[in-house]
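>>> A structural model of the following input is requested.
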Amino acid sequence: MTATTTGARPRIFYGWAVVAGAFAVTFFGFGSAYTFSTFFEPLQREFAASRAGVSLVFSIAGFLYFALGVVSGPLADRFGPRALAVGGMALVGAGLALAGAARSLTEVYLAYGLGVGLGVGFAYVPAVAAVQKWFVRRRGLASGLAVSGIGLGTLAMPPLAAWLIEAWGWRAAYVSLGVLALVAGGGLALLLSADPARHGLAPDGEAAVAAERAAPTGAPFRSAIRSRTFAGLYLSSLICAFGVFLPFAHLVPYALDRGVPAGQAVLLLGAVGVGSTAGRFLLGGLSDRLGQRPSLLLIIFGVAATMALWPALSGVWPLAAFAVAYGVFYGGWVAILPALLMSEFGGRHVSSLIGVLYTSVAFGTLVGPTLSGWAFDVTGGYQAAILAAAACNAVGGIIAWRATRR
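Residues are numbered from 1 along each chain as shown. Predicted coordinates:
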């Protein structure tokens, strides 16, 4: 018997089940994608490739999973998030498994880049956007919990990948991760739903009567994307993304170059995951109190500051401290952007707006890690690339401040 027929709230608000489904998508989707740095050296050795060439694998995937939101967002608004998320996780699993069978770096581009990129692209925006429609008062916290799967996935999946590589080799490791993404990620994505009214509820678990009267509200899509606020957020995200994903591709190679043992270097990605998870909880919750605009500025300038300190660090403990601090601000950035869009423009087209905004991140992700690998090949070090990344985030913060000020 549903809440619609009884007029009573269910004991457990189904919005939290939707959060759990989105968490699974981000955990297994991004967790698998962010194992890439663990595979960096095996791929470079197997195919005798340059760092720029190997970095392009990650850049292709990153470009696709952010750019595809402009397609998956409107599809989710029209058809709902569940089918898109389940299908996306199936593509992630297939892409990882096929990468394990690749006979050339070009085949890795096609399998990992297209499979993981398209898969996460179909799953991520619909899953995160679905959460926004279930909450108002605790939207920052709920959004933070949903995307904390990225942080926890970054904590758990790279060490698992490293163990699988050591035990079975990099090819079998990719196949194993693919099966895990398909079964666990795809299965839990079935929890997703974008319509509280179908469950006899309104946002935050209000009574069914409120749900029956509720209608999607918010700015028209064209009006929203033409607004000064959206344009500024788009440009800010584009510029920030040129540098913000550099650690996911290059932190492990950087640590190895500084003499950190391979086993400890891989754990640095886990430290990013620890910080990212904390950032999504702490900064996501803080935004409900402090406000999403000032929280966003704090986060962007925090990324810039930590990145500026990175080139001066060596040794496992200083780099671990950097990884945690960077992760905190990165996690907050990912958590707050969808909630800010929902607050600014309403829920009528929130999936579509998130999808359009993430195309900015896509272009930055395509260029940043690959250009950083090229800079290393040319200069023999990462200092220039890292400082450029810090400068990009500082500029992005200034643009976000101007776009969101009243």
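>>> going forward, measure contacts between C-alpha atoms and count neighbours the same way
OK.
>>> list the contacts of the residue lying closest to Val367 once chain neighbours are set aside.
Spatial nearest neighbour of Val367, excluding adjacent residues (C-alpha to C-alpha, 6 or more residues apart in numbering): Phe242 at 6.4 Å. For Phe242, the contacting residues are 361, 363-365, 367-369, 389, 392, by C-alpha atoms under 8 Å, 6 or more residues apart in numbering.
>>> distance of Phe242 from Ala123?
In this view, Phe242 and Ala123 are 23 Å apart by C-alpha to C-alpha, to the nearest Å.
>>> what does Ser343 give?
Distance, Ser343 to Ala123, by C-alpha to C-alpha: 22 Å.
>>> sort out for me which of the contacts of Phe242 are in helices.
Within the contacts of Phe242, residues falling in helices by DSSP state H are 361, 363-365, 367-369, 389, 392.
>>> can you tell me which of those is closest to Gln264?
Of all the ones in helices among the contacts of Phe242, Gln264 sits closest to Pro369, with 21.9 Å by C-alpha to C-alpha.
>>> low-confidence ranges, this structure, go.
Along the chain, the parts satisfying pLDDT under 70 run over 1-11, 205-217, 284-285, 347, 406.
>>> Pro158 and Thr35 touch, don't they?
Yes - judged on C-alpha atoms under 8 Å, Pro158 makes contact with Thr35 at a distance of 4.6 Å.
>>> residues contacting the closest residue to Ser55 other than its chain neighbours?
Excluding the flanking residues, the one nearest Ser55 by C-alpha to C-alpha, 6+ apart is Thr370, at 5.1 Å. Neighbouring residues of Thr370 by C-alpha under 8 Å, 6+ apart: 52-53, 55-56, 59.
>>> between those residues, which sits nearest Val266?
For the contacts of Thr370, the nearest to Val266 is Ser55 (16.6 Å; C-alpha to C-alpha).
>>> list the helices and strands the helix or strand that contains that closest one packs on?
According to DSSP states H and E, Ser55 maps onto helix 51-67. For helix 51-67, the elements it packs on are helix 36-47, helix 117-132, helix 350-379, judged by 3 or more C-alpha pairs under 8 Å, 6 or more residues apart in numbering; DSSP states H and E.
>>> let's see 6 Å
When contacts are defined as 3 or more C-alpha pairs under 6 Å, 6 or more residues apart in numbering; DSSP states H and E, helix 51-67 packs onto helix 117-132, helix 350-379.
>>> that one: how far from the chain's middle?
14 Å (C-alpha atoms, centre = their mean, to the nearest Å).
>>> rewinding a little: counting neighbours, go ahead and name the busier of Ser343 and Ala123.
Higher neighbour count among Ser343 and Ala123: Ala123, with 34 against 16, using other C-alpha atoms under 10 Å.
>>> the more buried one contacts Val86, doesn't it?
No - judged on C-alpha atoms under 6 Å, Ala123 makes no contact with Val86 at a distance of 7.0 Å.
>>> out of the ones in helices among the contacts of Phe242, which is nearest to Gly113?
The nearest member of the ones in helices among the contacts of Phe242 to Gly113, counting by C-alpha to C-alpha, is Thr365 at 12.5 Å.
>>> ok, that closest one - contacts?
Going by C-alpha atoms under 6 Å, 6 or more residues apart in numbering, Thr365 touches 59, 62-63, 241-242.
>>> before we move on, back to that, quick one, which of the helices and strands packed on helix 51-67 gets closest to Gln44.
Judging the helices and strands packed on helix 51-67 by C-alpha to C-alpha, what sits closest to Gln44 is helix 350-379, at 12.2 Å.
>>> which parts of that closest one are buried?
Buried positions in helix 350-379, judged by neighbour count with 16 or more other C-alpha atoms under 10 Å: 350-376.
>>> ok, now how distant is the residue nearest to Leu267 when sequence neighbours are not counted from His199?
Spatially, and ignoring its direct neighbours in sequence, Leu267 is nearest to Pro159 (6.5 Å; C-alpha to C-alpha, 6+ apart). Separation of Pro159 from His199 (C-alpha to C-alpha): 39 Å.
>>> burial of Arg222, as a residue count?
Using other C-alpha under 10 Å, Arg222 is surrounded by 10 other residues.
>>> quick one on the thing from earlier: which element is the residue nearest to Val367 on?
Using DSSP H and E, Phe242 sits in helix 228-244.
>>> go on, Gly140?
Using DSSP H and E, Gly140 sits in helix 139-168.
>>> by contact count, what packs against that helix?
Judged by 3+ C-alpha pairs under 6 Å, 6+ apart, helix 139-168 is in contact with helix 15-33, helix 262-290.
>>> ok and the helix or strand where Pro247 lies relative to helix 139-168, angle-wise?
Using DSSP H and E, Pro247 sits in helix 246-257. Going by axes from the mean of the first three to the mean of the last three C-alpha atoms, to 10 degrees, helix 246-257 is angled at 40 degrees with respect to helix 139-168.
>>> buried residues in helix 246-257?
Residues of helix 246-257 classed as buried under the neighbour-count rule (16+ other C-alpha under 10 Å) are 246-256.
>>> now tabulate the residues you listed in JSON lines and tack on distance to Ala400.
Output for the buried residues of helix 246-257, formatted as JSON lines (distance: C-alpha to C-alpha, whole Å):
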{"residue": "Leu246", "distance to Ala400": "21"}
{"residue": "Pro247", "distance to Ala400": "22"}
{"residue": "Phe248", "distance to Ala400": "24"}
{"residue": "Ala249", "distance to Ala400": "26"}
{"residue": "His250", "distance to Ala400": "27"}
{"residue": "Leu251", "distance to Ala400": "27"}
{"residue": "Val252", "distance to Ala400": "30"}
{"residue": "Pro253", "distance to Ala400": "32"}
{"residue": "Tyr254", "distance to Ala400": "30"}
{"residue": "Ala255", "distance to Ala400": "32"}
{"residue": "Leu256", "distance to Ala400": "35"}
